[in-house]
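**Student:** Test case, fold it:
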Amino acid sequence: MIRFTDRVGVGETKQTAEGYLVATARVARTGVQQYYASELGDIALKAGFKPNDVVRVYRHPDQVFADETLNSITRVPVTLDHPPESVNADNWSEYAVGEVGDAYSKDAEWIVVNPMIKDRDAIQAARSTHKEISMGYEAGIVKARDGIDADFEMTNIRMNHLALVPRGRAGSQARIGDSWGAHPVQDFQPGDTPKTEKGGRMSDQLKTVVLGDKAVQVAVTDVAAIEQYKADMQRKLDDAEAAKKKSDEEKDEEIGKLKADLKKAKDEAVIDVDALVAARTELVAKVHAIDAKIDPAGKTDAELRKAAVAAKLGDEMVKGTSEAEINGMFKAIAKDVKPHNPVADAIKRGLQATDENPINDAQAAYVARLTRQKQEG
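**Tutor:** Next up, the predicted model:
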């Protein structure tokens with residue numbers, strides 16, 4: 001097992017009621033990082049690398065996110081700078097200024113933890129001189145599997161401590177200060193993509209992915225993230241389309257209901273004038289047959305029936321009586337009534353002789369008027 005350290009920036013911090021400082025740190029990144037061959041021991045030298053050669057070491061997600069790795073990160077001590085040895089029960093009180101809690105989460109290619117700094121001097125340092133975090137861990141190194149664009153892979157990653165380190169140190173100075181373990185040639189901050197210059201294989205090892213209507217080539221190590229992003233975007237698009245389809249169907253259903261209601265209302269609003277005229281004529285004829293003195297002008301059908309019942313049965317019968325009762329009484333008294341039809345009667349009687357002569361009468365009246373005027377004049 002070889003000791004390693006990785007440097008990252010501290011995220012958000014907050015102070016607890018007890019004065020402790022809680023930070024957010026993304027540690028244990030997946031992907032490729034660069035180390036000097038001399039730091040990796042015999043395996044790099046036996047593979048033909050010279051001590052000062054930069055070699056690429058790949059941390060596969062199945063190693064970074066393995067249960068054993070994740071379990072090893074909980075409750076590890078927080079230290080001020082990297083100690084010269086592994087932190088354990090024998091020296092914990094000498095080096096520890098806090099600890100990482102039980103909780104952790106995964107953020108794309110990182111493990112996210114919330115270390116708590118409890119020592120007063122360490123809290124002051126975290127706010128002034130030691131504003132970065134460096135994870136101290138042990139891991140095995142093996143030859144990279146076929147298809148992985150790296151020289152070696154890390155295995156069996158086990159966390160030992162999380163160190164607060166000075167901010168802004170770089171190059172050999174940073175590497176000497178962090179001598180607890182092998183440190184990457186460059187300190188890649190979260191979001192930066194490591195690049196390897198040796199052999200140029202990082203840029204040469206590409207894979208084609210489809211983005212929209214185009215096929216583009218990207219680094220093999222980026223394919224998984226791109227495909228996941230595409231899947232997430234496709235799921236969001238599918239959800240949006242499903243929501244729109246449901247909304248459209250609901251609108252269509254509402255439009256259909258409104259059309260049906262409108263048709264029903266139009267059908268109910270259609271008035272059969274001929275039927276109304278025939279019914280009114282029949283009612284008036286029955287009322288006149290009961291009492292010819294009843295004048296239908298200005299009266300509603302209900303008022304005509306009430307007048308006919310009063311004429312036939314007396315006013316007392318209609319006082320305080322409902323319209324339904326009056327309808328019943330009207331049907332009873334009109335049941336055997338035969339309405340008078342003057343046209344039919346005239347046709348039945350035929351033409352009748354008469355002594356009256358309207359023309360002669362008019363002539364006689366005119367002569368009489370002239371005679372009167374002559375006498376008066």
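**Student:** Show the residue spans covered by the strands in the protein.
**Tutor:** For the chain, strands defined by DSSP state E occupy the ranges 2-9, 13-15, 21-23, 25-27, 31-36, 54-59, 77-80, 96-107, 110-117, 132-143, 152-165, 206-211, 214-219.
**Student:** Out of those, which is closest to Ser247?
**Tutor:** strand 206-211 (29.3 Å; Cβ to Cβ). No exception for glycine: its C-beta is placed from N, CA and C like everyone else's.
**Student:** how far is stretch 73-89 from where the chain is centred?
**Tutor:** Taking Cα atoms, centre = their mean, to the nearest Å, one finds stretch 73-89 lying 46 Å from the centre of the chain it belongs to.
**Student:** returning to that earlier point: which stretch among the strands of the chain comes nearest Glu254?
**Tutor:** So among these, strand 206-211 is nearest, using Cβ to Cβ, at 39.6 Å.
**Student:** same question for the closest one, mean pLDDT?
**Tutor:** For strand 206-211, mean pLDDT rounds to 64.
**Student:** Next: stretch 130-139.
**Tutor:** Stretch 130-139 comes out at a mean pLDDT of 89.
**Student:** repeat for stretch 185-199
**Tutor:** Rounded mean pLDDT across stretch 185-199 is 43.
**Student:** repeat for stretch 3-18
**Tutor:** Confidence over stretch 3-18 (mean pLDDT, whole number) is 80.
**Student:** Need the contact partners of it.
**Tutor:** Here stretch 3-18 makes contact (Cβ atoms under 8 Å, 6 or more residues apart in numbering) with 21-29, 33, 82, 86, 116, 126, 131-139, 154, 160, 163, 165, 174, 178, 180-184, 187, 189-190.
**Student:** With stretch 92-102 instead?
**Tutor:** Here stretch 92-102 has contacts from 20-21, 73-80, 83, 87, 113-119, 121-122, 161-162, 164, using Cβ under 8 Å, 6+ apart.
**Student:** Swap in 6 Å and give it another go.
**Tutor:** Applying Cβ atoms under 6 Å, 6 or more residues apart in numbering, the external contacts of stretch 92-102 come out as 74-80, 83, 87, 113-119, 122, 162.
**Student:** Any chance of a PyMOL selection covering the buried ones in these?
**Tutor:** Buried members of the contacts of stretch 92-102 can be picked out in PyMOL with the line below, counting by 16 or more other Cβ atoms under 10 Å:
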select buried, resi 76+77+78+79+80+83+87+113+114+115+116+117+118+119+122+162
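**Student:** Show me the chain divided up by domain.
**Tutor:** 2-199, 219-268, 273-352 (automatic domain parsing).
**Student:** In JSON lines: the strands of the chain, plus distance to Glu227.
**Tutor:** Rendered in JSON lines, the data for the strands of the chain read as follows (distance: least, Cβ to Cβ, whole Å):
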{"stretch": "strand 2-9", "distance to Glu227": "26"}
{"stretch": "strand 13-15", "distance to Glu227": "34"}
{"stretch": "strand 21-23", "distance to Glu227": "32"}
{"stretch": "strand 25-27", "distance to Glu227": "22"}
{"stretch": "strand 31-36", "distance to Glu227": "16"}
{"stretch": "strand 54-59", "distance to Glu227": "18"}
{"stretch": "strand 77-80", "distance to Glu227": "36"}
{"stretch": "strand 96-107", "distance to Glu227": "17"}
{"stretch": "strand 110-117", "distance to Glu227": "18"}
{"stretch": "strand 132-143", "distance to Glu227": "26"}
{"stretch": "strand 152-165", "distance to Glu227": "21"}
{"stretch": "strand 206-211", "distance to Glu227": "7"}
{"stretch": "strand 214-219", "distance to Glu227": "10"}
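**Student:** Figure out which of the ones you listed is closest to Lys299.
**Tutor:** strand 206-211 (84.4 Å).
**Student:** measure Arg280 to Leu70 for me?
**Tutor:** The gap separating Arg280 from Leu70 is 92 Å, by Cβ to Cβ, to the nearest Å.
**Student:** what does Tyr36 give?
**Tutor:** Distance from Tyr36 to Leu70, by Cβ to Cβ: 29 Å.
**Student:** again, but for Ile141
**Tutor:** In terms of Cβ to Cβ, Ile141 sits 21 Å off from Leu70.
**Student:** Which of these two has more residues huddled nearby?
**Tutor:** Ile141 (24 against 16; other Cβ atoms under 10 Å).
**Student:** okay, now Ala297: neighbour count?
**Tutor:** 4.
**Student:** per-residue confidence for it?
**Tutor:** The model's pLDDT for Ala297 equals 90.
**Student:** before we move on, back to that, so which of the domains of the chain comes closest to Gln375?
**Tutor:** domain 273-352 (39.4 Å).
**Student:** Point to the helix or strand of this structure where mean pLDDT is at its lowest.
**Tutor:** The weakest-scoring helix or strand in the chain, judged by mean pLDDT, DSSP states H and E, is helix 201-204 (a mean of 38).
**Student:** any residues touching stretch 156-167, and which ones?
**Tutor:** With Cβ under 6 Å, 6+ apart as the criterion, stretch 156-167 contacts 63, 69, 72-73, 76-82, 86-87, 100, 115, 126, 129-132, 134-140.
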